[in-house]
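# got a sequence here, can you model it:
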Amino acid sequence: MTPFGLKLRELRRAKGVSQKQMAGALGISAAYLSALEHGRRGIPTWAMVQKMIGYFNIIWDDAEELQRLAETSHPRVVIDTSGLSPRATELANRLSKDISQLDEKDIDGLMFQLDAALERTKQA
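Numbering: from 1, shown residues only. Here you go, the predicted model:
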């Protein structure tokens, strides 16, 4: 499941609707909606996310969060390291190969370190 799929499921359950009901209201198949929730489909289009935002009647920060989650929830990530250092390529390959062995605590730690490194880069 992707972060977008998890959020979509939470919103749908909070509204008390089934996948079939929501899919019908959005003009998509229940199978497609299920695949989005389970991370078996790529990210939805901007227009589809906007339909979902309207369906759930969410605004401002919540709408921006749903859009951000959609943009960062592709289940098959490709990282182009051409032009980067050999270590950057090694890191991308190691992460691709070993991410399934990490637990949530380790992933949270890596995310924290990445955020901190990016913040240092902005300040430099």
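# okay, and for this structure, where does confidence drop off?
Along the chain, the model assigns pLDDT under 70 to no residue.
# determine the longest helix present in it.
Longest helix of the chain, by residue count under DSSP state H: helix 104-123.
# spatially speaking, which residue is in the middle of the protein?
Centroid-nearest residue in the chain: residue 73, 2.2 Å away (criterion: Cα atoms, centre = their mean).
# for residue 82, see how far away that one is.
Residue 73 sits 24 Å away from residue 82, going by Cβ to Cβ, to the nearest Å. C-beta: built from backbone N, CA, C; applies to glycine.
# send me the helix or strand encompassing residue 64 as CSV with only the CA atoms.
Per DSSP states H and E: residue 64 is located in helix 60-71. C-alpha atoms of helix 60-71 as CSV (Å, rounded to 0.1, in the frame of the first residue of the first chain):
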residue,chain,number,x,y,z
TRP,A,60,-6.5,23.8,1.9
ASP,A,61,-4.0,21.8,3.8
ASP,A,62,-5.9,18.5,3.6
ALA,A,63,-6.3,19.0,-0.2
GLU,A,64,-2.6,19.8,-0.6
GLU,A,65,-1.6,16.8,1.5
LEU,A,66,-3.7,14.5,-0.7
GLN,A,67,-2.1,15.9,-3.8
ARG,A,68,1.4,15.6,-2.3
LEU,A,69,0.8,12.0,-1.3
ALA,A,70,-0.4,11.2,-4.8
GLU,A,71,2.8,12.7,-6.3
